[in-house]
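Asks: sequence and predicted structure are below.
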Amino acid sequence: MKGNQWEDPFRAKIFLLLQERDRRENLGFQQLFQNHERLFENWATVRAENLRLSMAVERGLSEKGGGGGISEEREKQLEQKILGQQEELTELHRRRGENASQVLALSAKLTDREAELDMNRNACAEAVAKIADFEDQLKFLESCLHEREATNELLRDEHQALHLAYTSLEEKHRKMTFENQELLQRYIEIKAKHADIMNQENENFVKQKQAQVRKELEEAAAEMKIVNIATNSPPKSFMNPSDISVLTSLGIACTVPTTASKPFEAHESEVTAVRWNPNGKYFATAGQDRKVKIWEPGKSEIPELRGTLLGSNGSILSLDFDSSGTFVVAASHDFACRIWSVEDGRLRHTLTGHSAKVNAARFLVDSSRVVSGGYDRTLKIWDLKSRACVATKFAGSSCHDLVSLSDGNCVISGHYDKRIRFWDLRAESPTQEVCLSDRVTSLDLSANENLLLASIKDNSLQVLDLRMNAIIGQYTAEGFKISSDISRCIFSPDAQYVASGSLCGSLFVWNVLEDRIDSILKEHTSAVGALHWHPSGICLVSGDKTRRVVLWTP
């Protein structure tokens, strides 16, 4: 193994270093031991000499006692010599004690050095273990590096392959784009041809209807009819819808219609708006099915469907005819207003610019301009000639309904914040504001433009006199409840009556002059949110949430 090849020389080098340090540190102890041995040998020699001298002294004393004698001088020399030997012996004992102390101190140092050596050996072992771990990690990282290099090489190959595929797909996309442009051009040409065909069919349909009307008029003129006009109130018996045009031409005053024709399903879902055209010949309905339908009352109980106007992408919330009845404008939930021509049913304009649903749209007096109000808290003025928004009024609150005055420059709007705002289209801000008791759901203007009717969410109707800028009437009734934030209310053409639908499905009609409830019309089975009075004042049309429309006659 690579680790063992490096590990053996490392251990040998450490062992040699430890031996050198041991030799260097033992050198002082060896000299000490040698001196100690020499002192011990000298001590032994001195001791032997002392014993010999002691024995010699004893022999001399014995010989002296026996008659032999040693000179006094010789005795003094021996005594001095003994004293010297004793002093030397004492010095040797002292030096022996010092050497013993040094031996003990050096022994303690040796013990400390051995402990330090053990610690160093342990640290060395730990370092060797760490080195082994690092070598294992190095091997692992090297293997990971090799794998990453292999992966990078594979990804590089895949990138090249994908780049080639992308180049091929880009070329295909360019070809498909070119083909798509050709197909789109062909599709536009086909749609144009189809539109021409549809326009031709509509023209043929209009011609057939005109021929049929002329035929019916000729038949009617050929017949002799006696019309008895009562000077008092009109009869209460059922009036056929085909008689509406006759009564209109005779100038019958407004009456409260009490007889309901057979209800019919006008749309595939809730009916949200109804509107008579200015001459009262037909009426339009709109619903959440995104369609506007034109109905013409005839001899049968159910009006005849004259046409269906398509093109809206959201439920339609409001309808209005221009002064000639040629065009109809619809405000819808898809943030736009659309204008159709009634005769051929063609979509003429799509007005987009609101940032939320559009609750109301009205033609101005010249029919070349439209004003719309929406949930985005703005009113917008549209020029149909340039097909553009020419002004935006910031109301500060969601607009639920609006009406325009005959001068073409004044608009009145009702809002969620309980206020009615009066606008001069030449100014940026409202000229006047009136605060009511609750949010405004609908507005209607009397024919002489002196009175303004407002539907309030607190389940009441209020009439404002625009000449005095004051509320002159408030109308409520037991069971009367506003069904939604865009539930409509209406004046009769002579402003003698006001009417509104209720959540319970009834139509409530109040007499303005007598300040009382006049009639409660019951035929619908669900909430009524849309109604409109015939321009002649002899009938009323209403729509409810269950797709049904009812034509009310005297």
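Replies: Yep, it's here. Residues are numbered from 1 along each chain as shown.
Asks: for this structure, give me the ranges with low pLDDT.
Replies: Residue ranges of the chain with pLDDT under 70: 1-8, 28, 60-71, 202, 222-253.
Asks: residues touching Ala211, list them.
Replies: By C-beta atoms under 8 Å, 6 or more residues apart in numbering, no residues touch Ala211. Using the backbone N, CA and C atoms, a C-beta is placed for each residue, glycine as well.
Asks: ok, it to Leu503 distance?
Replies: 45 Å (C-beta to C-beta, to the nearest Å).
Asks: could you do Ala470 as well?
Replies: Taking C-beta to C-beta, one finds Ala470 at 29 Å from Leu503.
Asks: between those two, which has more neighbouring residues?
Replies: Just comparing Ala470 and Leu503: by other C-beta atoms under 10 Å the higher neighbour count belongs to Leu503, 18 against 10.
Asks: hang on, the more buried one packs against Lys457?
Replies: No - the pair Leu503 / Lys457 is not scored as a contact, 11.6 Å apart, by C-beta atoms under 8 Å.
Asks: for Leu466, phi and psi?
Replies: phi -70, psi -20 (degrees, to the nearest 10).
Asks: again with the one 4 residues further on
Replies: The phi and psi torsions at Ala470 (degrees, to the nearest 10) take the values phi -140, psi 150.
Asks: can you pull up the bridge partners for the closest residue in space to it that isn't next to it in sequence?
Replies: Among residues not flanking Ala470 along the chain, Leu464 sits closest, at 6.9 Å (C-beta to C-beta, 6 or more residues apart in numbering). On the basis of DSSP bridges, Leu464 is bridged to Leu452, Ile471.
Asks: now Leu464: how far from Ile472?
Replies: When distance is defined by C-beta to C-beta, Leu464 is 7 Å away from Ile472.
Asks: which neighbours do those two have in common?
Replies: Common neighbours of Leu464 and Ile472 (C-beta under 8 Å, 6+ apart) are Leu451.
Asks: of the two, who's got more company?
Replies: The neighbour count for Leu464 versus Ile472, taken as other C-beta under 10 Å, is higher for Leu464 (21 against 12).
Asks: wait, isn't that one in contact with Ile456?
Replies: No - Leu464 is not in contact with Ile456 according to C-beta under 8 Å; the separation is 11.5 Å.
Asks: who's in contact with the closest residue to Ala388 other than its chain neighbours?
Replies: Using C-beta to C-beta, 6+ apart and skipping the chain neighbours, the partner closest in space to Ala388 is Trp382 (7.2 Å). Residues near Trp382 by C-beta under 8 Å, 6+ apart: 337, 351, 369-372, 388-390.
Asks: and the residues you listed, which are buried?
Replies: With neighbours counted by 16 or more other C-beta atoms under 10 Å, the contacts of Trp382 contain buried members at 337, 351, 369-372, 389.
Asks: and the residue nearest to Ala388, that one's in a strand?
Replies: Yes - Trp382 forms part of a strand when assessed by DSSP: H, G, I helix; E, B strand; the rest coil.
Asks: what bridges to it?
Replies: Val370, Cys389.
Asks: and the two most separated of the buried ones among the contacts of Trp382?
Replies: Cys337 and Arg369 (12.0 Å; C-beta to C-beta).
Asks: helix, strand, or coil at Ala427?
Replies: Strictly by three-state DSSP, Ala427 counts as coil.
Asks: look up phi and psi at it.
Replies: Backbone torsions of Ala427, given as degrees, to the nearest 10, read phi -110, psi 160.
Asks: tell me, how many residues neighbour it?
Replies: Neighbour number of Ala427 under other C-beta under 10 Å is 10.
Asks: check Arg488 too.
Replies: 30.
Asks: separation between Asn152 and Leu145?
Replies: For Asn152, the distance to Leu145 - C-beta to C-beta - is 10 Å.
Asks: picking up where we left off before, which one of the contacts of Trp382 sits closest to Asn277?
Replies: Looking across the contacts of Trp382 and measuring by C-beta to C-beta, the closest to Asn277 is Val370, at 16.7 Å.
Asks: hmm, Leu364 and the closest one touching each other?
Replies: Yes - if you go by C-beta under 8 Å, Val370 and Leu364 touch, sitting 6.9 Å apart.
Asks: any residues in contact with both of those two?
Replies: By C-beta under 8 Å, 6+ apart, no residue touches both Val370 and Leu364.
Asks: where do the helices sit along this protein?
Replies: Shown for the chain, the helices assigned by DSSP state H span residues 2-65, 72-222, 244-250.
Asks: format those as CSV; extra columns: distance to Leu507.
Replies: Conversion of the helices of the chain to CSV gives the following (distance: least, C-beta to C-beta, whole Å):
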stretch, distance to Leu507
helix 2-65, 101
helix 72-222, 31
helix 244-250, 18
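Asks: deepest of those, which one?
Replies: Compared across those, helix 244-250 shows the largest average neighbour count, a mean of 16 (mean count of other C-beta atoms under 10 Å).
Asks: got the contact list for Asn199?
Replies: Counting by C-beta under 8 Å, 6+ apart, Asn199 has contacts 344, 346.
Asks: can you do 10 Å?
Replies: By C-beta atoms under 10 Å, 6 or more residues apart in numbering, the contact set of Asn199 is 344-346.
Asks: top of those residues by neighbour count?
Replies: Gly345 leads the contacts of Asn199 on contacts (other C-beta under 10 Å) with 21 neighbours.
Asks: was I right to think it contacts Val206?
Replies: Yes - counting by C-beta atoms under 10 Å, Gly345 does reach Val206; the two are 9.3 Å apart.
Asks: what sits in contact with each of these two?
Replies: If you check Gly345 and Val206 against C-beta under 10 Å, 6+ apart, the residues they both contact are 306-307.
Asks: what's the distance between Glu170 and Met176?
Replies: Remark: distance between Glu170 and Met176 (C-beta to C-beta) = 11 Å.
Asks: repeat that for Pro535.
Replies: For Pro535, the distance to Met176 - C-beta to C-beta - is 57 Å.
Asks: Ser404 now?
Replies: Relative to Met176, and taking C-beta to C-beta, Ser404 is found at 51 Å.
Asks: ditto for Ile412
Replies: 55 Å.
Asks: also Asp22?
Replies: Counting by C-beta to C-beta, the separation of Asp22 from Met176 is 89 Å.
Asks: next one: phi and psi at Pro257?
Replies: According to degrees, to the nearest 10, Pro257 has phi -70, psi 130.
Asks: which ones are touching it?
Replies: 234, 239, 499, 507, 509, 519, 521, 533-534, 537-541, 550-554.
Asks: now with 7 Å, please.
Replies: 539-540, 552-554 (C-beta atoms under 7 Å, 6 or more residues apart in numbering).
Asks: what does Val103 give?
Replies: Leu32.
Asks: and if we set it to 8 Å?
Replies: Contacts of Val103 (C-beta under 8 Å, 6+ apart): 32, 36.
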